[in-house]
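Participant: no sequence on hand, only this structure:
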C-alpha cells in the first residue's frame with residue numbers, strides 16, 4: 001500500500017511547532033508528524049507528515065496559509081521494503097580495525113578485524129554515514145595513542161555501534177543512551193547480536209538526564225554523534241560529566257558547522273585535539289585537561 005508525505009518550511013521554531021500541532025488534528029489523520037530545524041543557518045524549520053491515505057490538500061493549504069508557511073509539497077511513495085532495500089544498497093564498511101556489516105554480508109568479514117554486526121533498522125548509525133565512520137576513526141586514533149578508557153558513554157547512540165566498538169577494545173562496560181525508544185530497542189538488539197550482553201548497557205534518556213548515566217560519571221570518553229543544535233546545548237553538561245584527562249568525540253556536523261561547535265566547546269573548557277572530514281561531514285575530538 002502506498003504512503004503519502006506532506007512537507008513545508010517556514011521561519012521560526014514556535015510557528016513550526018504550532019503548525020506541527022495543527023497537522024496532528026488534520027483528517028485523515030497523519031501517522032506521524034515531524035518538526036526539524038534546517039541546519040544551514042537560514043532559520044528555516046521543516047514540518048512534515050506521513051499519511052496512509054491521500055491527505056486533504058485543501059486542508060493542508062489552509063494550514064500553510066494560516067501559519068505563514070510555504071505550500072505543502074505532497075508526494076505519493078510506493079510500497080517499499082526499506083530494510084531489504086538498505087541491505088541491497090549498503091555494502092560493508094571498514095573504518096580502522098572495525099568492519100561494520102549486516103547479516104546478509106556475514107560471509108564477507110575478513111580476517112584480522114573487529115567485526116560489528118549492525119542490522120538495517122529504524123535507527124541512525126549503521127556505520128555507513130561519514131559521521132559514524134569519523135567517530136570510529138577517532139576511536140582508532142585514541143587506541144593508537146595508547147589511551148585506555150574505563151568509562152565510556154555513547155550519547156544519542158542510534159544503533160549503539162560506537163558503544164559496541166569501545167566495548168570491543170576496552171574491558172569495562174560502556175553505556176549507550178538515546179532519546180528515542182525505538183533506537184534503544186535497536187541498540188539492545190545489536191548488543192545481543194554481537195554477543196556484548198553485560199558489556200554495553202542501553203538506556204532511554206534525554207542528554208545526560210538518567211540516573212544510570214549520573215551513577216557512572218565522570219566519563220573518560222563520551223561520544224555524541226547527533227546534530228549541531230543538541231551538541232551546542234550539551235556542552236556544559238557534557239563538561240560536567242567528563243573526567244579530567246578525558247576526551248569527547250563529537251559528530252553529526254556539516255563541515256561548515258565544525259568551527260562554531262569547536263569554539264563553543266573551547267569556551268565550555270575543552271581543548272581541541274583533532275578534526276576529521278569525511279565527505280561533507282566533520283568529526284571533532286576534544287579533551288578536558290586538569
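Facilitator: The structure has been received and is ready for your questions. All figures in this text were calculated on a predicted structure; none of them were measured in a lab.

Participant: helices of the stretch 151-290 of the chain, start to end?
Facilitator: For the stretch 151-290 of the chain, the helices identified by DSSP state H, counting those that start in this stretch occupy 161-169, 181-193, 211-216, 228-241, 258-268, in order along the chain.

Participant: closest to residue 3 out of those helices?
Facilitator: Of all these, the one in closest proximity to residue 3, counting by Cβ to Cβ, is helix 181-193 (17.8 Å). In short, each C-beta sits where N, CA and C put it, glycine included.

Participant: please name every helix or strand in contact with the closest one.
Facilitator: With contacts defined as 3 or more Cβ pairs under 8 Å, 6 or more residues apart in numbering; DSSP states H and E, the secondary structure elements packing on helix 181-193 are helix 161-169, strand 174-178, strand 200-204.

Participant: list the buried residues for it?
Facilitator: For helix 181-193, a neighbour-count test (16 or more other Cβ atoms under 10 Å) marks 183, 184, 185, 186, 187, 188, 189, 190, 191 as buried.

Participant: need the residue closest to the centroid of this protein.
Facilitator: Taking Cα atoms, centre = their mean as the criterion, residue 226 is the residue nearest the geometric centre of the chain, at 4.2 Å.

Participant: make sure it is actually in contact with residue 252.
Facilitator: Yes - counting by Cβ atoms under 8 Å, residue 252 is a contact partner of residue 226 at 4.7 Å.

Participant: tell me the domain ranges of this protein?
Facilitator: Partitioning the chain according to automatic domain parsing yields domains covering residues 3-77, 129-287.

Participant: pLDDT added to the buried residues of helix 181-193, as JSON lines?
Facilitator: Written out in JSON lines, the entries for those read as follows (pLDDT from 0 to 100):
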{"residue": "183", "pLDDT": "85"}
{"residue": "184", "pLDDT": "91"}
{"residue": "185", "pLDDT": "89"}
{"residue": "186", "pLDDT": "87"}
{"residue": "187", "pLDDT": "91"}
{"residue": "188", "pLDDT": "94"}
{"residue": "189", "pLDDT": "91"}
{"residue": "190", "pLDDT": "92"}
{"residue": "191", "pLDDT": "95"}
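
Participant: tabulate the residues you listed in TSV, adding columns for distance to residue 211.
Facilitator: As requested, the buried residues of helix 181-193 are arranged in TSV below (distance: Cβ to Cβ, whole Å):
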residue	distance to residue 211
183	19
184	15
185	20
186	22
187	18
188	18
189	24
190	24
191	20
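
Participant: kindly list the longest strand within this protein.
Facilitator: When secondary structure is assigned using DSSP state E, the longest strand within the chain turns out to be strand 242-254.

Participant: given that one, what are its sheet partners and their directions?
Facilitator: strand 219-225 (parallel), strand 281-287 (antiparallel) (DSSP bridges).

Participant: most tightly surrounded among those strands?
Facilitator: Neighbour counts (mean count of other Cβ atoms under 10 Å) averaged over each of the strands paired with strand 242-254 peak at strand 219-225, with a mean of 26.

Participant: now do stretch 193-213, average pLDDT.
Facilitator: Averaged over stretch 193-213, pLDDT sits at 95.

Participant: show me what the nearest residue to residue 273 once chain neighbours are set aside is bridged to.
Facilitator: With sequence-adjacent residues excluded and distances taken as Cβ to Cβ, 6 or more residues apart in numbering, residue 273 is closest to residue 285, at 4.4 Å. Here residue 285 shows beta-bridge partners residue 249, residue 274, assigned using DSSP bridges.
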